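Chemist: Need a 3D model of the sequence below.
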Amino acid sequence: MLAQTAIAATVEHQDIPEASVSVLACDDTRIAALNADFRGKQMPTNVLSWPEEDLGSEEAGAAPHPPVPDPGGTLSLGDIAIAYDTCARESAEQGKPFDAHVTHLLVHGTLHLLGYDHIRDLDATRMEALEVEILGKLGLPDPY
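Modeler: All right, here's what the predicted structure looks like:
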C-alpha cells in the first residue's frame, strides 16, 4: 500500500496519468548484492532504481525529458528495490516513523525513474524540493 500511494502521488505530481513501476521489497543481503552488481558498491543501501529509459536533462537544474508510452499506450517507468533492514535502521537512527521514511524513499526512487537526480547541486535542489512537495501533499513532514 505504501508503494502504491507513494508512486501514484509522484507520477500524479508530474502530470502523468498512469504508469507502471515494479517494486522489490528485500533484505540487506539482497540489496547489497544488487548494489554490488549494478553500482560496484559492496554494501547495502536503502533504495535502488533502474529507469526504463534515461530521461535525465543534460543541463543542470533543468527538468528531465518527459516519459513516452510504448506504441500500445503503456508507460513503464522501471524498477525500484527497497531494503526493509536498512530502512528500519535508518528510521530508528533518524527518529522518523518507518512508514514516512519508506514513503520518502519510494518517492525518491520514482523521481529517479522519471529522470531526476542529485549528483549536480542544481539537480539535487530541484529533486529535494519535489520530494518535499509530494510528501507534503501526503501529509508527511520535510524529510530533510
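
Chemist: can you tell me which residues contact the nearest residue to residue 63 once chain neighbours are set aside?
Modeler: Closest residue to residue 63 apart from its sequence neighbours, by C-beta to C-beta, 6 or more residues apart in numbering: residue 57 at 6.3 Å. C-beta here means a position set from N, CA and C on the backbone, and glycine is covered the same way. Residues near residue 57 by C-beta atoms under 8 Å, 6 or more residues apart in numbering: 63-65, 115, 123.

Chemist: taking the residues you listed one by one, which sit in helices?
Modeler: Secondary structure assignment by DSSP state H places residue 123 of these in helices.

Chemist: Take the contacts of residue 57 and write them to CSV, including neighbour count, distance to residue 52 and pLDDT.
Modeler: As requested, those are exported to CSV (neighbours: other C-beta atoms under 10 Å; distance: C-beta to C-beta, whole Å; pLDDT from 0 to 100):
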residue, neighbour count, distance to residue 52, pLDDT
63, 13, 18, 95
64, 21, 13, 97
65, 14, 12, 96
115, 21, 11, 98
123, 20, 20, 97
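
Chemist: Between all of the contacts of residue 57, which two are separated the most?
Modeler: Pairwise distances among those were taken by C-beta to C-beta; the largest, 13.5 Å, belongs to 65 and 123.

Chemist: So residue 27 versus residue 118, what's the distance?
Modeler: According to C-beta to C-beta, to the nearest Å, residue 27 stands 25 Å off from residue 118.

Chemist: same deal with residue 144?
Modeler: 11 Å.

Chemist: on that earlier part again, kindly indicate whether the residue nearest to residue 63 is helix, strand or coil.
Modeler: Reducing the assignment at residue 57 to three states with DSSP: H, G, I helix; E, B strand; the rest coil gives coil.
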